[in-house]
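*Asks:* Dropping a prediction and its sequence here:
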Amino acid sequence: MRDGEEKVAPEATAARVAQLIELLEYHGRRYHVLDDPEISDAEYDAMFVELLGLEEEYPALRLPHSPTLRVGGEILESLPSRAHSLPMYSLDNVFSLSEGRDYVRKLLRLLPDEDESSLSFWMEPKMDGLAMELIYERGFFVRALTRGDGLTGEEVTGNMRTVRNVPLRLSGPVPELVEVRGEVLISRKDFAALNARQEQSGGKLFANPRNAAAGSVRQLDSSVAARRPLRFLAYGTGRVEWDKAWSTQQELMFWIRDLGFEIAPNAELCPSFVALEEWWNSLVAARDSFPFDLDGAVAKINSLALQEKLGFTSRAPRFAVAFKFAAPRARARLLDISLQVGRTGTLTPVANLSPVNVGGVVVRRATLHNEDEIRVKDLRIGDTVLVQRAGDVIPEVVAALPELRDGTEKVFVFPAFCPECGGSVFREKGESAVRCLNRACPAVLRESVKHFVSKAGLDIQGWGGKLAEQLLRAKLLYSPADIFALKDDDLLRLERQREKSVANLRAALEDVRRNCTLPRLISALGIRHVGEETAKALAGEFGSLDALSAADVGALCRVRDVGPEVASSIRDFFMAEGNRRLLEDLRGQGVWPTARAKSVAEPEAGRLRQGLLPFSPGAEKEGNGAERESPKPGASPLYGKTILFTGALSALGRSEASHLAEKAGAEVLSRVSARLDYLVVGDKPGSKLKKAGTLGVVILDEEEFLRMVNAPVAPEEA
Ligand code: IVH
């Protein structure tokens, strides 16, 4: 035989290899998937060694699904990225059963032909690992992709091939293509053993099973991944190319199980919301004794026809929702209460806590909101308190534990003077905020300047809060208007500023000076209770800062969304001497946009009325600022689309909603027609919803609509 030529295997040997693979697949599955082995480890190992020997002798008999490949070996330089054929979505969350009920009510509004009794839920624990997609062609494992950003993942095929409960070949009749999705994780027991091994070998310890799993899956050397106790639990499919169809999530999951996958333990069909509640309560009770870390549960509408009807929002399916466990809590000592002074002079008390780990994050500070909060919760310095964190939400002090007091605790007395400038503080009747009245208070100035340059203010590129602080420390600023008077030399004196960066800062300032719009400037002033939306309404109504600053409370109250409290705050702002000076300085610097009201030819009139266009004699001719605030293609998914509202919206008035839609570049229609792209559905929708359903219009709820126009929505999962 010549060099390099492979030996041809006798037929009987080829048959033995096939038999060994089948036996090892079967017993591997009994051991790793079903947790019910039929043979001893030694018997398994003997077959494995026999197969290895034959494959070595006859390399032509090495098959891509051979269990001997599970030991890994390939080493990559980097993990290639690859697009998912269907996006891998995230999930929306609910934090209690009552929020879960709201979710079901919302679904029923989107499904006018259904009632609650027709909904059943496929419930699964929500596993705290990382999402993975395994791709099988004609039944053979060919590729594994991490979730990545949902559209593109990293290819980790070699590593996932080493995961013992991942079938390398599927059982039963198999589709041309199937993408099985699930979670890769490490069980609590395996995690403890892994960390013990790491400790012994002087390796790095992992913070938790999730981190260990994530690190292992992304190894460049698959033999390292092979030594990590990874497991894959399936929860669904991506693309499937097959003529077979399922009618429920349950059927689909049983099929996935029959293909050879492990699915989540405790998965169950709940035929009603009451059954769901029971299932959830028992999961909560069993949470700590679960074999792996849980993140909550996932409820999926069981009927695949309804799933299809409900579809997806831009980030998550509507037919599924994550039930999250209550926020983690921990005990800490309330060491002290300090006060933060905000840009409107409000003194916000902050709890300084003994460092405490709350659900994986070390917390040292928590806002106490205001004076009343401290009194109502009877928090005393020295108290043991309960601290809570829910998702991304900032930590909060839930309550004191008075039974743990020893008498040394001190009642906190709100100071009569500002901790930053020593000026007197004042609490208005009927308000909870205590405020420093000194307009020259350094803290007020610092926060006002930071706000002035921020996104909610003039949004000056490159001018973050850090730069503002540097300028204040260097005594180069005494008012937000001073930034327009800064010389290049002033900026060059600051740390880390070079000619190039200074030129960029200067260009950004000039851009704002020329193009800033009236609503932006009003918002940048930082008037209490005046956010971006109110600023737009005020700009549209008054058309200039001269008119706005002269307006009385009555005139202000006629503006949309402005009530007496907001009106008097605006009035107070323009009455204050320091603020009058600020306005004069801005005018002097040429930062003085106006918005012409009424009398402008369509189509610009609409936008001008809302104060969206800059208007200074130069700006109009150059048409430059128009682009700054007018909707841009691609800036919002609503750009160039048609939209209509039905039913009562909870956070928005109808006109405000229309206004937001127009701002995003959508056209608001007055009735359902074939031309309609989106119908936003509020409470008690009318006949429009039914009609839209027959025309294939995309249905949105209020929250989805707000997300699409980029307005703030309630905080959600990281
Ligand atoms: S279903 C369309 N079921 O949770 C999204 N996800 O927060 C379908 N997860 O990225 C996901 N356990 O990685 C589903 N039983 C389960 C799950 C589960 C964990 C993860 C999944 C997803 C994340 C979303």
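*Replies:* In hand now; what should we look at?
*Asks:* By proximity to the ligand, which residue of the stretch 1-150 of the chain wins?
*Replies:* Residue nearest to the ligand within the stretch 1-150 of the chain: residue 131 (3.1 Å; Cβ to the nearest ligand atom). Backbone N, C-alpha and C define where each C-beta goes, glycine included.
*Asks:* count of residues packed around that residue?
*Replies:* Residue 131 is flanked by 19 other residues according to other Cβ atoms under 10 Å.
*Asks:* so what's the residue in the stretch 301-450 of the chain that the ligand sits nearest to up against?
*Replies:* Here the residue of the stretch 301-450 of the chain nearest the ligand is residue 317; by Cβ to the nearest ligand atom that distance is 4.6 Å. Residue 317 sits next to 89, 91, 307, 310, 311 when contact means Cβ atoms under 8 Å, 6 or more residues apart in numbering.
*Asks:* Among those, list the two that are farthest apart in space.
*Replies:* 91 and 311 (14.4 Å; Cβ to Cβ).
*Asks:* Compare those two (neighbour count), which wins?
*Replies:* residue 91 (21 against 12).
*Asks:* Am I right that the more buried one falls within a strand?
*Replies:* No - read with DSSP: H, G, I helix; E, B strand; the rest coil, residue 91 is coil and lies in no strand.
*Asks:* Would you mind listing what in the protein touches the ligand?
*Replies:* Counting by Cβ under 6 Å from any ligand atom, the chain comes close to the ligand at 89-91, 124, 126-127, 131, 147, 183, 235-236, 264, 298, 317, 320, 322.
*Asks:* Just give me the closest of the residues you listed to residue 478.
*Replies:* residue 90 (46.5 Å).
*Asks:* quick one: the closest one and residue 150 touch, right?
*Replies:* Yes - Residue 90 sits in contact with residue 150 when judged by Cβ atoms under 8 Å, with a separation of 6.9 Å.
*Asks:* list the residues that contact both of these two?
*Replies:* By Cβ under 8 Å, 6+ apart, the residues touching both residue 90 and residue 150 are residue 315.
*Asks:* just to revisit the earlier point, so the residue of the stretch 1-150 of the chain closest to the ligand sits against residue 146, correct?
*Replies:* Yes - the criterion here is Cβ under 8 Å, and residue 131 meets it with residue 146 at 7.2 Å.
*Asks:* can you pull the contacts of residue 206?
*Replies:* 191, 194, 195, 198, 212, 215 are the contacts of residue 206 under Cβ under 8 Å, 6+ apart.
*Asks:* An error on my part: the question was meant for residue 150.
*Replies:* 84, 87, 88, 89, 90, 315.
*Asks:* again, only using 10 Å
*Replies:* Going by Cβ atoms under 10 Å, 6 or more residues apart in numbering, residue 150 touches 84, 87, 88, 89, 90, 131, 315.
*Asks:* among those residues, which ones are buried?
*Replies:* Listed as buried from the contacts of residue 150 are 84, 87, 88, 89, 90, 131; burial here means 16 or more other Cβ atoms under 10 Å.
*Asks:* which stretches of the stretch 201-350 of the chain form strands?
*Replies:* 231-241, 268-270, 294-301, 320-324, 329-341, 347-358 (DSSP state E, counting those that start in this stretch).
*Asks:* and these as TSV, adding mean neighbour count, distance to residue 543 and mean pLDDT?
*Replies:* Shown next, in TSV, are the strands of the stretch 201-350 of the chain (neighbours: other Cβ atoms under 10 Å; distance: least, Cβ to Cβ, whole Å; pLDDT from 0 to 100):
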stretch	mean neighbour count	distance to residue 543	mean pLDDT
strand 231-241	19	54	97
strand 268-270	16	58	98
strand 294-301	23	51	96
strand 320-324	22	46	96
strand 329-341	17	34	94
strand 347-358	18	35	94
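*Asks:* Any idea which of the ones you listed gets closest to residue 407?
*Replies:* Closest among the strands of the stretch 201-350 of the chain, using Cβ to Cβ: strand 329-341, at 15.2 Å.
*Asks:* Strand partners (parallel or antiparallel) of that closest one?
*Replies:* strand 347-358 (antiparallel), strand 384-388 (antiparallel) (DSSP bridges).
*Asks:* name the element the nearest residue to residue 494 once chain neighbours are set aside belongs to?
*Replies:* Once flanking residues are discounted, residue 494 sits nearest to residue 470: 5.1 Å by Cβ to Cβ, 6 or more residues apart in numbering. Using DSSP states H and E, residue 470 sits within helix 465-473.
*Asks:* now do residue 491
*Replies:* helix 488-492.
*Asks:* can you give me how far that helix is from the chain middle?
*Replies:* 39 Å (Cα atoms, centre = their mean, to the nearest Å).
*Asks:* So which other helices or strands are in contact with it?
*Replies:* helix 465-473, helix 499-515 (3 or more Cβ pairs under 10 Å, 6 or more residues apart in numbering; DSSP states H and E).
*Asks:* try 6 Å this time
*Replies:* helix 499-515 (3 or more Cβ pairs under 6 Å, 6 or more residues apart in numbering; DSSP states H and E).
*Asks:* elements contacting the helix it packs on?
*Replies:* So helix 499-515, by 3+ Cβ pairs under 6 Å, 6+ apart, packs with helix 488-492.
*Asks:* quick one: contacts for residue 106?
*Replies:* Neighbouring residues of residue 106 by Cβ atoms under 6 Å, 6 or more residues apart in numbering: residue 701.
*Asks:* helix/strand/coil for it?
*Replies:* Assignment for residue 106 (three-state DSSP): helix.
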